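Below is the structure, and that's it, no one-letter string:
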Ligand SMILES: Cc1cc2nc3c(=O)[nH]c(=O)nc-3n(C[C@H](O)[C@H](O)[C@H](O)COP(=O)(O)OP(=O)(O)OC[C@H]3O[C@@H](n4cnc5c(N)ncnc54)[C@H](O)[C@@H]3O)c2cc1C
């Protein structure tokens, strides 16, 4: 049985070296102690009762914020020369402890690098700096009639660099799949961590190993991505009395020609605990809820399509210009956030269900009953319609959680384990040698976010 622990790492560097680094970076006004340093050393791994105690003692020794490539170059050079670990940070909303420094050192806040450099009016391809918030980016893209293809439910706060380095997908995954699918990341500008940092331009192929690598193998300074035509998405809340009817509808939607940007299904117990947008009544007892973002041109047919399947539209409001809570913030890991607000002793999992999800869902329901509550998201994976699951889990013990994960895997469910903090163990479970090779090329001393890339720790001594 897995009893989780952090990887063995060298102890944090001594105070003298940190003092020398702080002195060299004094014009950037480094933070060396206090609540601000604690805040900059943490993220949203606290949804995991396994990671929380493990990561609680992990603290940066120094934090700085940069506003230009020149300032960034100074920090990267100084960290390389003083051999001080460097952990990159966008908005710090990651759930896997991605930007918690396991081995002290310096945390670098990149939120000052926030320019949209270019938007091609014909292709819609854009290049933006890593620290820009997705909300600010979305506003600027909208001026050109464009929109992000993919966005996490944390769109309001998350950064573009943090999303690509630490996120996976979210709103839009129903149409565009996941960030690591070919075509979703077209290029990167990267700074190396060396005494003389280099600024490199990578094409799509060379960028792939830095996509979802937790900032372990290069500092992303700017990212080039495709956008899509902006749509005034209609937010719909649909109620179902029967779980089976709601689940069938969610699955069938993936095989229709309705233009949708998100489709999430919440079982009744979960739906009852969420806040609902102004004007949308909470669900009556026992009602399951399907949350949709649908294009205006779907609205002629979709209501009747849903009604035939037992769905009743309770609320409809356009996303653009909508006031208060957007429906997006009841989806993806926002569901977990709201649920944990009233159930702090619960946690969650991140799953990709098999192409036919019903047998696995039935088996899990039968074995785990009320300890496992369902939140499903429709997604596209390698071109096919699939269901992703972010079920809420009553936390009883680390051992019971490991048993649940093993049970999921035995049913053919892919688990992206949010109770692990390495790239590999929170992902496909395997070392990606291209990620390790990129680290050797762009971070030869292994100073970026130490401990998070298992393949680097396990590489043969000669590599
Ligand atoms: C309520 C909630 C809902 C969420 N919903 C989603 C969702 O729908 N989809 C999803 O994918 N995730 C989701 N997440 C996780 C998280 O929000 C996303 O991964 C988000 O995109 C992270 O952005 P960030 O700027 O906060 O990154 P951070 O947390 O700051 O960083 C994430 C990782 O990227 C690295 N990094 C940051 N900037 C750079 C850079 N410039 N160069 C290299 N590495 C860098 C960091 O070191 C860290 O390892 C959710 C989290 C919460 C708390």
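In hand now; what should we look at? All of these numbers come straight from a predicted model, not from anything done at the bench. Numbers count the residues shown, from 1 in each chain.

all contacts plus neighbour counts: C-alpha atoms, from now on.
Noted.

can you tell me how far residue 24 sits from the ligand?
Distance, residue 24 to the ligand, by Cα to the nearest ligand atom, to the nearest Å: 22 Å.

what residues are up against that residue?
residue 78 (Cα atoms under 8 Å, 6 or more residues apart in numbering).

same thing with residue 452?
Residue 452 neighbours (Cα under 8 Å, 6+ apart): 98, 214, 216, 421, 422, 423.

mind checking the SS state of it?
Secondary structure, DSSP: H, G, I helix; E, B strand; the rest coil: residue 452 is coil.

can you check the one 4 residues further on too?
Taking three-state DSSP as the rule, one finds residue 456 in the helix state.

That one touches residue 432, doesn't it?
No - using Cα atoms under 8 Å, residue 456 is not in contact with residue 432; the gap is 9.9 Å.

farthest pair in the contacts of residue 452?
Across the contacts of residue 452, the longest distance by Cα to Cα is 12.4 Å; it joins 216 and 421.

Counting neighbours, go ahead and name the busier of residue 456 and residue 432.
More neighbours surround residue 456 than the other of residue 456 and residue 432, with 22 against 17 (other Cα atoms under 10 Å).

Name the nearest residue to the more buried one, sequence neighbours excluded.
residue 436 (5.7 Å; Cα to Cα, 6 or more residues apart in numbering).

Is that neighbour within a helix or a strand, and which one?
Take DSSP states H and E as the rule and residue 436 turns out to sit in helix 433-442.

That helix - contacts with which helices or strands?
In this structure, helix 433-442 packs against helix 454-457, with contacts taken as 3 or more Cα pairs under 8 Å, 6 or more residues apart in numbering; DSSP states H and E.

same thing but 10 Å
For helix 433-442, the contact count by 3 or more Cα pairs under 10 Å, 6 or more residues apart in numbering; DSSP states H and E identifies helix 204-207, helix 454-457 as packing neighbours.

Would you mind giving the ones you listed as CSV with mean pLDDT and distance to the ligand added?
Listed next are these as CSV, based on pLDDT from 0 to 100; distance: least, Cα to the nearest ligand atom, whole Å:
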stretch, mean pLDDT, distance to the ligand
helix 204-207, 98, 12
helix 454-457, 95, 14
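
between those helices, which one is nearest to residue 328?
Smallest distance to residue 328 across the helices and strands packed on helix 433-442 (Cα to Cα): 28.7 Å, for helix 204-207.

what's that closest one in contact with?
Identification of contacts with helix 204-207 by Cα atoms under 10 Å, 6 or more residues apart in numbering yields 182-190, 201, 220, 223-225, 434-435, 438.

mind showing which ranges of the chain have poor pLDDT?
Along the chain, segments meeting pLDDT under 70 span 1-3, 322, 462-463.

How about the backbone phi and psi for the residue nearest to the spatial centre of it?
Closest residue to the average C-alpha location of the chain: residue 167 at 2.8 Å, with Cα atoms, centre = their mean. Residue 167 adopts backbone torsions of phi -90, psi -170, taken as degrees, to the nearest 10.

Now do the contacts for it.
Counting by Cα under 10 Å, 6+ apart, residue 167 touches 93-96, 98, 151-152, 158, 160-161, 178-180, 211-214.

coming back round to it: winner for burial among the helices and strands packed on helix 433-442?
Per-stretch averages of neighbours, counted by mean count of other Cα atoms under 10 Å, single out helix 454-457 among the helices and strands packed on helix 433-442, with a mean of 20.

which non-adjacent residue is nearest residue 159?
residue 133 (4.2 Å).

okay, now the one you found: neighbour count?
Residue 133 has 25 nearby residues by other Cα under 10 Å.

so what's it up against?
Residues near residue 133 by Cα under 10 Å, 6+ apart: 90-91, 111, 113-115, 154-163.

Show me these that map onto helices.
Here DSSP state H is the test, and the contacts of residue 133 give 160, 161, 162, 163 as lying in helices.

who are the neighbours in contact with the last one?
Taking Cα under 10 Å, 6+ apart as the definition of contact, the neighbours of residue 163 are 90-91, 93-94, 130-131, 133-134, 150-152, 154-155, 169, 179, 211-212, 214.

so how far is residue 412 from it?
27 Å (Cα to Cα, to the nearest Å).

how distant is stretch 189-206 from the center of its chain?
Offset of stretch 189-206 from its chain centre (Cα atoms, centre = their mean, to the nearest Å): 23 Å.

begin at 435 from here
Will do, 435 is the new start, and the previous item becomes stretch 623-640.

first to last residue in it, what's the distance?
Counting by Cα to Cα, you get 11 Å between the two ends of stretch 623-640.

got the residues of the chain near the ligand?
478, 521-529, 532-533, 564, 586-588, 592-593, 595-597, 599-604, 648-649, 652-655, 766-768, 771 (Cα under 6 Å from any ligand atom).

so residue 443 is in which element?
Per DSSP H and E, residue 443 falls between elements, in no helix or strand.

Tell me who's in contact with residue 827.
Contact analysis of residue 827 by Cα under 10 Å, 6+ apart lists 770, 779-783, 802, 804-808, 835, 838.

The one helix or strand it maps to pairs with which strands, and in what direction?
Taking DSSP H and E as the criterion, residue 827 maps to strand 826-828. Using DSSP bridges, the strands paired with strand 826-828 are strand 780-782 (antiparallel), strand 806-807 (antiparallel).

Would you mind telling me which of the ones you listed is nearest residue 824?
Closest of the strands paired with strand 826-828 to residue 824 is strand 780-782, at 6.4 Å (criterion: Cα to Cα).

Quick one: residues in contact with that closest one.
With Cα under 10 Å, 6+ apart, strand 780-782 has contacts from 480-484, 767, 770-771, 773-774, 805-809, 823-830, 835, 851-853.

how many neighbours does the closest residue to residue 815 other than its chain neighbours have?
Closest residue in space to residue 815, ignoring its immediate chain neighbours: residue 611 at 5.5 Å, by Cα to Cα, 6+ apart. By other Cα under 10 Å, the residues close to residue 611 number 25.

any idea how far residue 611 lies from the ligand?
11 Å.

measure that residue to residue 757 for me?
Using Cα to Cα, one obtains 28 Å as the distance from residue 611 to residue 757.

Residue 559 now?
Taken as Cα to Cα, the span from residue 559 to residue 757 is 29 Å.

Of the two, give the one with the bigger neighbour count.
Neighbour count, other Cα under 10 Å: between residue 559 and residue 757, residue 559 has more, with 16 against 11.

ok, now which ones touch the more buried one?
Counted by Cα under 10 Å, 6+ apart, residue 559 has contacts 552, 553, 580, 620, 658, 659, 660, 661, 662.
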